[in-house]
Structures are given as C-alpha cells and as structure tokens.
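>>> Compute the structure for the input listed below.
(chains A and B)
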Amino acid sequence: MRFLPHTGSDRQAMLDSIGVSGMHDLFADIPSEFHVEKGSLKLADALSEAGIVRKFTRAAEKNHNASNSRYFLGGGTYHHFVPAAVDYVISRGEFLTAYTPYQPEISQGTLQALFEFQTMIARLTGMDVSNASMYEAATATAEAALMARRVTRKSRVLMAGSVNPRYRAVTANYLSRLDGEYAEVDMGAFGTDLDKVIAAMDEQTACVIVQYPDFYGSVYDLAPLHAACDANRCLMVVAFSDISAFALIESPGAMGADIAVGSGQSLGIPMGFGGPHLGLFTCKQKYVRQMPGRVCGMTSDANGKRGFVLTLSTREQHIRREKATSNICSNQGLMCTAAATYMTLMGDAGLATVARHSAAALQSLVSQLPAHVSAAAGAHYNETVLSFAGYAARERFLLATRNHDMFAGIPLEQIEAGVDTRHLLVATTEMIEEADITDFLAALEVSL
Amino acid sequence: MSQDTTFKYSATVGIQHEEALLFERVHEAPSSIHLPGIDGDISAELSLFSRQQAAGIPGLSEPETVRHFVRMSQWNHGIETGFYPLGSCTMKYNPRVNELLVRLPGLAHIHPDQPEHTVQGALELLYELQGWLGEISGLPYVTLQPAAGAHGELTGLMMIRAALDARGDAHRRKVLVPDSAHGTNPASAALCGMHTVELKSGPDGRIDLDELKAHLDDDTAALMMTNPNTAGAFESDIKEICSLVHAAGALVYGDGANLNALVGVARPGDMGIDCLHINVHKTFSTPHGGGGPGGGPVAVNEELAPFLPVPRIEKNGNAYTLAHACETSVGPVLGTAGQIGVLLRAHAYIAAFGHEHLHRIAEDAVLNANYVLHRLQERYHVPFPGLCKHECLLTDEWQEKHGAKTLDIAKRLIDLGFHPMTIYFPLIVHGAMLIEPTETESRETLDAFCDAMLDIADACEAGATEMLHEAPVKPFRRRLDETQAARKPVLVWPVEQP
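Reported below is the predicted structural model:
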C-alpha cells in the first residue's frame, strides 16, 4: 500500500517493543462483536495510481465542461478566468498541506496571506474588516443574520425575495430552530423593490437582508434602505454572488452596508460543480467582536518583529463552546490564498477589466435580443432573466444551444421553485467572446 | 558516522526572506495582464452606479506575484515538509495524484446547475462515495452536503431533532456532551436550538455510566460522543452507553473526528451510534489547506434517513440525479450539493485502499500512536494509562516541577524540526499534549520525534529550562504576542499609510 511506509518487519518490531503479540491486541478494547472481518466491507477493489487516474478520467470525460462548452450559467457560480499561477500557488505543499495556523511561528505564510486577503476583500467590498472566510455564500448569509441578532439584541430577520433562493433557504433553515421571526418580502417581479422591503420593517427587525446585484442581476440604489435601517436601528446586510462586480459598481460599503457577505468564487476559484468555493464575511469595525469564524490579526513577536496570529478567539467555539458566535471551525483557508493570489495578479486594473468585460458581454447580448425574447428592465451587471413566449419556446432554444456546445442559462424554476417555466437566468463573464453572443442570438431564432 | 548528530533533527536555518506586505510595495502596479472577453460598452443604466474610487488592490506582475507567495509559503510548516502530530486533527499525507484528479477539466470546470445528463460522471463518483461512507460507518444513508465537521454536527443534530419531533418528542432539547468533547459539539447544539449539559468524565477519562444515567431523562434529545474519545481511548462501554441512551428515548450522535482509529476495523453504526459525521479532511486525507476547505458528510440509520438534507444524490435506473423534493427533509444546509472537490479526493483515498486494505489505515495509525506512547510513557506523565487508539495523551505534570510547561515543550519541538502536538486539549487534564501520528508516518520519523521529546525531558530534568522558555529561536518569527493582537485588533492594512 503506497501511502503506508512500514514494512512487515517494521510493524513486528514496533509491536514487539510495545509488548503486544499482534495487531489484534491493539484493538482488544473494542468488544469483539464489533470487529469487522478484514476485507469484508462492500467497497471496490483497491486501485493502483494508474487505475484511479483511468477511473476518474473516464468519469470526467462523461461531463460536459468549460474546456468544450461555452457557459452562460450563473446563479451563484461563475466561469471566470483562472490564471495558472493561482493554481500553482495553492498547490504548494506548504499552503496545501498545512493545518489551521494555531502555531503562528511556523504558519506565517498562511497568516500573512490571510491578512492580505482580509485587507483586499475589505477594500473591494468597501467594508472595514473581513474575516478569514466562511464555507460559501448561503451559510455566510445565515451567519450574517445570526450576527445581526446578536448585535441588535433583536430577533426578527427580514429577507428580500430577490436574494438567491438558496441563500434564503439556508438562512431560513438555520433560523428555524431558534426563537424569533423570519420573514421574506415577495417582490412580484425580477428585481428588488425597496419600498416593499422598507414597508415590511418594524422595530423588532434585527436586520434586512438584500442582495446586490440581486439574484436576477439587477443593480439598484441602496440609499433609501440605508436610511430606513438607521431609523429602525436595524442592520443592513448585503449579500452578493459575484464579487467581481465591485471593481465596476459602487461597493456594499459605499452603499452603507453594516454586514456584507457573499461568494468569492469569482476570484480565481473554478466552478468545481459547486465547491469548494469561498464564503466571504465583512462588516463594520464596531461589530468585529460579534463576527463568526476565524480572523487573522497583526501583532509583533518576542523580538519586536511584525507578525500575524489568529485573533479574537474568545468568540470561537474552542474557547466559548455553546456561547460561541458560531460553531464554525474549518473554513476555506486555501481558497483565501487562491483569492489573494488572484487579486494580486489582477490589481485594480485587472479586476476592473474582468468586471467591464463581464458587463459588456451582457450588454452586447441584451441589446441585440429579438423582439420575441425580453430581458428584465433596469441596470444589470452580468446577469439577467430572459423571458420566452412559453416553456416550449425556451426548451427549443436550450436544445439548439446544447447542439452548439453551449450552456445558455439556468431555467429559473430550477433554482426558484414555483416561477413560470418560460424564464432563463443568463450570466456572462470575460470568458464570453463576441462569437459566443452571435451563436446565442442565432439559436434564439428557433424559439420564435 | 552514527555519532554525527547533524542529521538527527531536521530543523536548520537557511535562506529565509523577509517579504513586505503587498500594500507596502512602492512601485506602480503594471497593467500587463491580458484578459479575454468583450471590450465593449456597458449599459447606460449600469454606468450610473460606477464605482467612484478604485478599491486599492495593489497588483503585481506575474513573476513578482509568484515570488511573493512562494516566499511566504516557505514560512509555513506542512505535512509535506515534516511531521505534524496534531492530536484530533489527523494530519496524514495528502496523495499528489488526488490533486491531479480534481483538476481534470471534466471535474473542475463544471457548473452545479448544468443539466444532470451532462454531469453523470461526477454524480457517479459522488454516489459511489456515499455508498462507501455508509458501508464504512455502518450507517447506510449518507449526505455529502455538509462543508466541514462542525457543519456535519449541525446537520446531524437537525436530523435528530426532526426524528424526535416525528416521534412526538418535540420537548426533547437537551444534549449531553462529555467534558472532553470538541468545542464544536456544544456550539453546534446551541445553533440547532438545543442546550447542552456537560458530563463529567470518569477517572479513566471515559464516559462515566453513573454520570450518564444521572443526566438521562425525558428531556434528553441526544448524547454527542466521540469514540475513541479525545483522550485517545476507546469507550469500551459503547454498547451499554447506546443502550442507556436509547432506553431513555434519546439518540446517539457520533463525532467522527476520530474515525481514523476505526476505519475498516469496526463500525460506529454496529455499536449503536445513530448518526455520525465524517471529517473527510481527517480520515480520508483531503488537504487541510491552512484551515480548510473540509468536508463533513453525515451517515445515519434508517430512522433518520427521511430527514437527510436536500439535494440528495440518487440513482434511478442507470441515471444519477440530484433530488430536491422531499417533504421530510431538514432542508438544505449549503447552497450546493457539497464541497465536491474535497469529496472527490476522499473517494480517491478510499479507492486506493479498497476493501482489501482499508483496515490498514486504522491498524498503522493505532500502531504508531501506541509506539509513541510506549517510547514516551516513562518520561512524560500519562493521565490515563493503558493502550491508546490513534492518538496518545500526555501531560506536563513532571516537567512543570522543573519549570517547563506544555507550551514551552511545544515551542521547543519547533526548534527541533517538528510541528507541536495539540496542546491544552482535551480540557479534562491539566497541560494536555495530544499526539496523533497517523498511518502515513515512518518508524524513522516517529523515533526522531520521540528522541526530541526525550531530549526535552532530559533538558527539563537538567534544569535547562531557559532554552525552553526562549523557544522557538530558529523560525522566522519568535513567540507572537496574542494579547496585543486581541486587545486592539488590526485585521486589515490601513488604506493610507503616512
């Protein structure tokens, strides 16, 4: 077995020195009725390295993927370009195979990368501070609701219906076993109507959660909500699904967010069939002691040299146990390093280009739509809803695009249960070229 | 040659570079990155929302970026650079081929919402993994969705709560947690709207049956237990423990953090555990990545199966599918089906051993821990004597008399070239040192570590404790001031530096 260094004689010598007669003696404290007969588990036969590569390659080849298809899919996961250097850096064993940096003297690489990550995420979102990541956007949204309840000591959570239905479902699920009300505001259209949200607020509301750009890609002014939140001593929580937007449009922080959470998958992390992605959690400085998750801070060492440590750990489960701000322990550390590397390669200019190209592709598409397909009105970043005459028309289009190695969008009802089956959620990134738009538009002809 | 101690311990001081923060670099960022896409106009509506001030992300050229991060990487200790005996963390070798596998375009570059018929290969691998985890745990119904161990705990408790509600026992909200448990256990229970009662461990560090009986009542929802426990000892009363809990109308939650001691040898489900999370980043060798990503699949018995989260990976005929609709489900706990790339690595680790060899993981892990225990037990206090499972627990009781504490011993190990063991956990002993060597370490490595530990014990007895208090002196940074960091937290670099 190639991962086990011992030879038979090593094992025997070690057993001898321990003073037991055989391996079974080491398991004598497990009642014999529970011993599994060796080799009896219903698993596959052991595979050599070559055998595993063959098996996985065959499985992978059955999947249509971005090396042979064009992607107009979003809904929380986006096909942005990933520079090779990002994957190289996170493949380094020193980053890849390290544990959580509990021993800071020998973990300064991870820690400085986290500090740079936190700084860049705070800057991009326009927020004061960032933690060292959450699992992904949906759980980050749920944790934001929980944090707002702690900060305000109020228990009602109000959620705009234009937040990604998956973020809503996970948040509702997290809150459903705790005291306090959870309410969603139905928008009635593919966009965010802040008047409706504001009308649903009351004095007991701990936070209002909106998405910006919203689930349908709509971009709107958060100023009215910010004012209403201040008036009600309620926190404004802004979720987002493609952080690349904030190199182009005003950030959640500039719009007055108290907490901003979302996905950092766009920052150098492949779609990966849904994970591992990167959950982001940012907030105002004054709330930092109520944040969930790990956070890296600057300090100095015994020689007075600057260094970094995990800090504010008295919030966390290993110290506070049932009174912790969250149960989170493992986070997405390596994905933070990926995002930090990506942002360093891009800089402000590169990030702005990614965002501009992503938005320009959508604009190119929407501005050329034929009359029988409509796009949601108003400002959109890189995602929108296209509406067809009916289900059959949409399906004819999807079939035509599949024949062109194209994933043209997500049937909206696949994520948002209950909506009409004639809508398509369509997203663009800098990976979309003019030719892809041309092919997309050509395929729309069949949906007449 | 055998007298030469140069190679006895590996730590040395070579070229170590200081590396400024990105934000301290002075030169202007290059605009050399060439990106694909449509260099066209954005909509007029969107222009109204244009960001007024750039974020301030200081870009570097590719060569500078790579050097920046590679230099930083060299300040890290990882399992590839050396021994990493963190108790309860199962730091084993992460096979390189698994990194290659998850980067295959057909697995890395697929979208969670593309049509199911275009991702059958991925679903097939995940479905097979589900079955294997059910078989290994003895709990046949599995969700792969939880993103980490603590997330698995929350998911499992949600299912237990739902099952109790379905029994008509909605008043049962008390969770019993031994005082040796991981901090995530009580934190997860609280997040699930339950409250915890701590069980005091018996004199042998194990669950005390009388203590358990005294706390089991009509309000009890579950016992959360880790077996082997966090002292590295198997709870040999497991059958009686489960019987008592079940007789009281409650369920048994298994924290699978220590599954490495049992994998292929014994199955929690057979012992009466109702629900178990599995840390694939421990037992099944997916890289820890400096804190994550992890994966925390949960395996349950038949009673809990209706409550598994959605989406579920199912097989209908020859087709694999993600099933979203299920009225009894506790709902989704994540925005997607799981941390797929992590799960695929776990699949590959199990596949490499197969049914023929899987038990050798636990055998060698337990052998290694007992070997370390045997070599150190004369010189370090062992709070709970006897054979251990996959990890062994020592304390600083004998060294403290000479003025050296667990922290000093840990920091001295760094100077000798080893990552320290887990320290000050579990909380049930004073000055805990929890050592978990895992199955992928050679006898040579274990001997070198034990020699280092014995040298430290010698130094303490010889009164050379100053060296321990000073440690570490070799790494790039010495002891860091955690109090200063927490008192006035600096979590980001300021935007404008004078």
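>>> show me the contacts for the closest residue to B:A319 other than its chain neighbours.
With sequence-adjacent residues excluded and distances taken as C-beta to C-beta, 6 or more residues apart in numbering or on different chains, B:A319 is closest to B:Q120, at 7.0 Å. Where C-beta positions appear, they are placed from N, C-alpha and C, glycine not excepted. For B:Q120, the contact set (C-beta atoms under 8 Å, 6 or more residues apart in numbering or on different chains) comprises A:K62, A:N63, B:A319, B:Y320.
>>> now the helices for the stretch 101-250 of chain B?
For the stretch 101-250 of chain B, the helices defined by DSSP state H, counting those that start in this stretch cover B:105-108, B:120-137, B:149-167, B:184-191, B:209-215, B:238-247.
>>> Using a markdown table, lay out those together with mean pLDDT.
Output for the helices of the stretch 101-250 of chain B, formatted as a markdown table (pLDDT from 0 to 100):
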| stretch | mean pLDDT |
| --- | --- |
| helix B:105-108 | 98 |
| helix B:120-137 | 98 |
| helix B:149-167 | 98 |
| helix B:184-191 | 96 |
| helix B:209-215 | 98 |
| helix B:238-247 | 98 |
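>>> Dump these to TSV, plus distance to A:L334.
Listed next are those as TSV, based on distance: least, C-beta to C-beta, whole Å:
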stretch	distance to A:L334
helix B:105-108	14
helix B:120-137	21
helix B:149-167	16
helix B:184-191	20
helix B:209-215	40
helix B:238-247	35
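>>> show me what contacts the nearest residue to B:L358 once chain neighbours are set aside?
Spatial nearest neighbour of B:L358, chain neighbours left out: B:G264 (3.5 Å); criterion: C-beta to C-beta, 6+ apart. Applying C-beta under 8 Å, 6+ apart, one finds that B:G264 lies in contact with A:V36, A:K38, A:L41, B:I136, B:F353, B:H357, B:L358, B:H359, B:R360, B:I361, B:A362.
>>> What is the nearest of these to B:K474?
B:I361 (33.2 Å; C-beta to C-beta).
>>> name the element the closest one belongs to?
Assigned by DSSP states H and E, B:I361 falls within helix B:359-376.
>>> I'd guessed B:V298 sits against B:L154; true?
No - counting by C-beta atoms under 8 Å, B:L154 is not a contact partner of B:V298; they are 9.5 Å apart.
>>> who has more neighbours, the two?
More crowded of B:V298 and B:L154, by other C-beta atoms under 10 Å in any protein chain shown: B:V298, with 33 against 30.
>>> Look at the closest residue to A:L386 other than its chain neighbours and give its secondary structure.
Using C-beta to C-beta, 6+ apart and skipping the chain neighbours, the partner closest in space to A:L386 is A:L424 (4.7 Å). Classification of A:L424 using DSSP: H, G, I helix; E, B strand; the rest coil returns strand.
>>> Bridged to A:L424, which residues?
Counting by DSSP bridges, A:L424 is bridged to A:L386, A:P411.
>>> Run through the residues that contact it.
A:V385, A:L386, A:S387, A:F388, A:R394, A:F397, A:L398, A:A408, A:G409, A:I410, A:P411, A:L412.
>>> try B:P311
By C-beta under 8 Å, 6+ apart, B:P311 lies in contact with B:Q145, B:L322, B:A323, B:H324, B:P332, B:A337.
>>> Isn't A:V151 up against A:Q290?
Yes - with contact defined as C-beta under 8 Å, A:V151 reaches A:Q290; the gap is 5.2 Å.
>>> So the two - more neighbours on which side?
Using other C-beta under 10 Å, the more surrounded residue of A:V151 and A:Q290 is A:V151, with 20 against 17.
>>> what does the model give the more buried one for pLDDT?
Model confidence at A:V151, expressed as pLDDT, equals 97.
>>> how about the strands in the stretch 151-300 of chain B?
B:174-178, B:195-199, B:220-226, B:251-255, B:275-277, B:298-300 (DSSP state E, counting those that start in this stretch).
>>> and chain A, which of those is closest to it?
strand B:195-199 (5.2 Å; C-beta to the nearest C-beta).
>>> any idea of the angle the closest one forms with strand B:174-178?
Counting by axes from the mean of the first three to the mean of the last three C-alpha atoms, to 10 degrees, strand B:195-199 points 30 degrees away from the direction of strand B:174-178.
>>> in strand B:195-199, what counts as buried?
Of the residues in strand B:195-199, B:T196, B:E198, B:L199 count as buried by neighbour count, 16 or more other C-beta atoms under 10 Å in any protein chain shown.
>>> what sits against the second one?
What it means is B:E198. Residues near B:E198 by C-beta under 8 Å, 6+ apart: B:V177, B:P178, B:D179, B:P186.
>>> Tell me the spacing between the third one and B:D219.
Per C-beta to C-beta, to the nearest Å, B:D179 is found 20 Å from B:D219.
>>> Excluding residues flanking it in the chain, which one is nearest the closest residue to chain A within chain B?
With C-beta to the nearest C-beta as the measure, B:G59 is the residue of chain B nearest to chain A, at 1.7 Å. Distances taken as C-beta to C-beta, 6+ apart put A:G347 closest to B:G59, at 1.7 Å, once the chain neighbours are dropped.
>>> Got the confidence number for that neighbour?
pLDDT, A:G347: 95.
>>> ok, now A:E416?
A:E416 carries a pLDDT score of 96 in this model.
>>> give me the element the residue of chain A found nearest chain B is part of.
Closest contact between chain A and chain B, by C-beta to the nearest C-beta, is at A:G347 (1.7 Å). A:G347 is part of helix A:333-367 when elements are defined by DSSP H and E.
>>> picking that back up, what number of residues lie near the residue of chain A closest to chain B?
Neighbour count for A:G347, taken as other C-beta under 10 Å: 27.
>>> how much space between it and B:S180?
49 Å.
>>> For the stretch 1-150 of chain A, give me the ranges with low pLDDT.
By pLDDT under 70, the stretch 1-150 of chain A has no low-scoring segment.
>>> Kindly recompute the last result at 90.
Along the stretch 1-150 of chain A, the model assigns pLDDT under 90 to residues A:1.
>>> Could I get the CA-only coordinates of stretch A:30-41 as CSV?
Listed next in CSV are the C-alpha coordinates belonging to stretch A:30-41 (Å, rounded to 0.1, in the frame of the first residue of the first chain):
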residue,chain,number,x,y,z
ILE,A,30,-13.2,-2.8,21.1
PRO,A,31,-15.7,-5.5,22.0
SER,A,32,-15.1,-8.5,19.7
GLU,A,33,-18.7,-8.5,18.5
PHE,A,34,-17.9,-5.2,16.7
HIS,A,35,-14.8,-6.3,14.9
VAL,A,36,-15.3,-6.3,11.2
GLU,A,37,-13.8,-9.2,9.3
LYS,A,38,-10.9,-8.0,7.4
GLY,A,39,-11.7,-7.3,3.7
SER,A,40,-15.4,-7.9,4.2
LEU,A,41,-16.7,-4.3,3.7
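>>> sec struct for the residue lying closest to B:E461 once chain neighbours are set aside, please.
Leaving aside its chain neighbours, B:E461 sits nearest to B:H402 (6.2 Å; criterion: C-beta to C-beta, 6+ apart). Here B:H402 is coil, with the state taken from three-state DSSP.
>>> Contacts only, for B:H402.
For B:H402, the contact set (C-beta under 8 Å, 6+ apart) comprises B:C460, B:E461, B:G463, B:T465.
>>> tell me the pLDDT at B:R25?
B:R25 is assigned a predicted lDDT (pLDDT) of 85.
>>> Any idea how far apart the tips of stretch B:213-225 sit?
With C-alpha to C-alpha, to the nearest Å as the measure, stretch B:213-225 spans 15 Å from end to end.
>>> so where is chain B shaky, pLDDT-wise?
For chain B (pLDDT under 90), the answer is B:1-16, B:25-34, B:325, B:476, B:495-498.
>>> Who are the contact partners of B:L100?
By C-beta under 8 Å, 6+ apart, the contact list for B:L100 reads A:V53.
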